[in-house]
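# sequence? don't have it. structure:
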């Protein structure tokens, strides 16, 4: 009898705990909003916002950290944010993230240029988790660098630097300006899209020593193209390259055995016949590899491309206004349901819904005001 009574008591207590104060059963807890960190072009602060991944609501927090941020990337597991700056010597700061308030506390900083190499604006940061390495594209210095990440998330000075060479015909291309660095799926090669040199340099990468070294011949674009972003397809055999000055996107074949790139396709991201100054901005791929998104600053538009499932070539299927002026960058949410755009000249971050079946974008009309936003980083809370 005592055993049965205890069991009924426990069951009753569990039932009561599942009933809300109004008598209804407790609904499934809503997911916590994501912290979004927003860099500002030539500004002095990183701004924060809370993003609801269910409703697509974006709620501003205001300035959360002091840095003239040009790009940022979170640590894969620790509450840390690495922030690229425009400071001399290509300084990268490490900030602790307060998950409750979104505030960023600066812990340390490191110069990515190394002794005497100089270099100001850092245009890209990426984390290679298998080797605990921060990969850096130092735009002003003309090189890519590999920085060690300790077990506690601290950054060390560069253990390897790969200097680019070359120039292009545009006045902005007087010397090398790497804009993006990304590892191939094997982790054996690093691709460096160099805006100034009109090249995608292919560097060998040793994960054990974090060493970037000379690789095969670089891929050469048309003079004056200004390579800006590269993305690997999930198949590991194709690469998409966005060129800023010619505002086109290219499909390149990738041979992971010897690290060579071969041109397969070139498509304009602009409207046929448009006379505006060409300027492409950002590039991203859907989680399933079925769609590629590009930004066109000259026309203030976003372009959706379908990926052919067999050939992996691109076909434009939608061109939509970006919701503001000068879409500097955009970021697809990890769920694949949303795309946030940093419209730098109009000072807004706009929320687009992503149709995951068709890949198309819909402007939700939701936005927040941020002074000159230039980058958006999701920090899962």
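Thanks, I have the structure now. Everything quoted here is computed from the prediction, not taken from an experiment.

# If we ignore the residues flanking it in sequence, what's nearest the residue nearest the centre of the chain?
The residue lying closest to the centre of the chain (Cα atoms, centre = their mean) is residue 331, at 6.2 Å. Nearest non-adjacent residue to residue 331, counting by Cβ to Cβ, 6 or more residues apart in numbering: residue 376, 4.4 Å away. For the C-beta atoms, the positions are set from N, CA and C on the backbone; glycine is no exception.

# OK, contacts around that neighbour?
Counting by Cβ atoms under 8 Å, 6 or more residues apart in numbering, residue 376 makes contact with 36-39, 329-331, 340-342, 349.

# let's go with 7 Å and repeat that
36, 38, 329-331, 340, 342, 349 (Cβ atoms under 7 Å, 6 or more residues apart in numbering).

# Inside strands: which ones of those?
Residues of the contacts of residue 376 located in strands (DSSP state E): 36, 38, 329-331, 340, 342, 349.

# Quick check: chain neighbours aside, which residue is closest to residue 200?
Nearest to residue 200 is residue 219, by Cβ to Cβ, 6+ apart, at 4.2 Å.

# can you tell me how far the one you found sits from residue 231?
14 Å (Cβ to Cβ, to the nearest Å).

# related to what we said a few turns ago, who's the residue nearest to residue 331 bridged to?
Beta-bridge partners for residue 376, by DSSP bridges, are residue 38.

# repeat for residue 74
Judged by DSSP bridges, the bridge partners of residue 74 are residue 81.

# That one contacts residue 379, correct?
Yes - between residue 74 and residue 379 there is a contact under Cβ atoms under 7 Å: 4.8 Å.

# Which neighbours do those two have in common?
Both residue 74 and residue 379 are contacted by residue 81, under the criterion Cβ under 7 Å, 6+ apart.

# Mind giving me the PyMOL select for the ones in strands among the contacts of residue 376, buried ones only?
Selection of buried members from the ones in strands among the contacts of residue 376 for PyMOL, criterion 16 or more other Cβ atoms under 10 Å:
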select buried, resi 36+38+329+330+331+340+342+349
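
# what's the closest of the ones in strands among the contacts of residue 376 to residue 362?
residue 340 (13.4 Å; Cβ to Cβ).

# re earlier: please report how far the residue nearest to residue 331 lies from residue 171.
For residue 376, the distance to residue 171 - Cβ to Cβ - is 29 Å.

# same deal with residue 158?
Distance from residue 158 to residue 171, by Cβ to Cβ: 30 Å.

# which of those two has more neighbours?
Neighbours per residue, other Cβ atoms under 10 Å: of residue 158 and residue 171, the larger number sits with residue 158, 25 against 6.

# name the element the nearest residue to the more buried one once chain neighbours are set aside belongs to?
Excluding its sequence neighbours, the residue lying closest to residue 158 (Cβ to Cβ, 6+ apart) is residue 145, at 4.2 Å. Assessed by DSSP states H and E, residue 145 sits inside strand 143-148.

# what does that strand contact?
So strand 143-148 is in contact with 110, 112, 117, 132-138, 155-156, 158-164, 178, 181, 190, 192, 203, 210, 212, going by Cβ under 7 Å, 6+ apart.

# in its sheet, what does that strand sit against?
Here strand 143-148 is paired, per DSSP bridges, with strand 133-138 (antiparallel), strand 160-163 (antiparallel).

# Minimum distance to residue 300: which of these has it?
Using Cβ to Cβ, the strands paired with strand 143-148 put strand 133-138 closest to residue 300, at 25.4 Å.

# Give me the neighbour count for the residue nearest to residue 158.
By other Cβ under 10 Å, the residues close to residue 145 number 31.

# does residue 172 count as helix, strand or coil?
What DSSP: H, G, I helix; E, B strand; the rest coil gives for residue 172 is helix.

# From residue 198, how far out is it?
Residue 172 is 11 Å from residue 198, where distance means Cβ to Cβ.

# Those two: which has the busier surroundings?
More crowded of residue 172 and residue 198, by other Cβ under 10 Å: residue 198, with 26 against 13.

# mind listing what that one touches?
Here residue 198 is in contact with 166, 168, 173, 220-221, 223-225, 227 (Cβ under 7 Å, 6+ apart).

# redo that, cut-off 10 Å
Residue 198 makes contacts with 166-170, 173, 176, 218-227, 243, 245-246, as judged by Cβ atoms under 10 Å, 6 or more residues apart in numbering.

# Can you name the residues that contact the closest residue to it other than its chain neighbours?
Residue nearest to residue 198 in three dimensions, not counting chain neighbours: residue 168, with 4.4 Å by Cβ to Cβ, 6+ apart. Residue 168 sits next to 174-177, 194-199, 221-227, 245 when contact means Cβ under 10 Å, 6+ apart.
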